[in-house]
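[1] here are the coordinates; sequence isn't available:
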């Protein structure tokens, strides 16, 4: 079974990561400062992480995964 193509080399735009219990996915929050745009990467299968670059994995693996709090997401360890 082929792996889903994932965005990689996003480590400079990384803001945080959260877990959505209702969809059982990890959501990676990114913000491009040069464009002023935010975006998200949804990870439904941990196997998709093999598509990330080494720097992406280093940043992702040192960040706490936040859980959904009743009505809204909370991001910890937001990089500025």
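    Perfect, I can see it now. Just so you know, these numbers come straight off a predicted model, no measurement behind them.
[2] Number of residues surrounding residue 36?
    Neighbourhood size, residue 36 [other Cβ atoms under 10 Å]: 7. Backbone N, C-alpha and C define where each C-beta goes, glycine included.
[3] Does residue 55 fall in a helix, a strand, or a coil region?
    Assigned with DSSP: H, G, I helix; E, B strand; the rest coil, residue 55 falls in the helix class.
[4] Quick check: buried residues in stretch 6-24?
    By 16 or more other Cβ atoms under 10 Å, the buried positions in stretch 6-24 come out as 6, 10, 11, 13, 14, 15, 16, 17, 18.
[5] and that stretch, what's its mean pLDDT?
    Stretch 6-24 shows an average pLDDT of 85 in the prediction.
[6] can you offset everything so residue one is 29?
    With 29 as the first residue, the last one maps to stretch 34-52.
[7] so where does the residue nearest to residue 56 when sequence neighbours are not counted fall, helix or strand?
    Of all residues not flanking residue 56 in the chain, residue 69 sits nearest, at 4.3 Å (Cβ to Cβ, 6 or more residues apart in numbering). Assigned by DSSP states H and E, residue 69 falls within strand 65-71.
[8] Which helix or strand contains the residue nearest the centre of the chain?
    In the chain, the residue lying closest to the centroid (Cα atoms, centre = their mean) is residue 56, at 1.6 Å. Taking DSSP H and E as the criterion, residue 56 maps to strand 53-60.
[9] Show me what that strand is packed up against.
    strand 42-48, strand 65-71 (3 or more Cβ pairs under 8 Å, 6 or more residues apart in numbering; DSSP states H and E).
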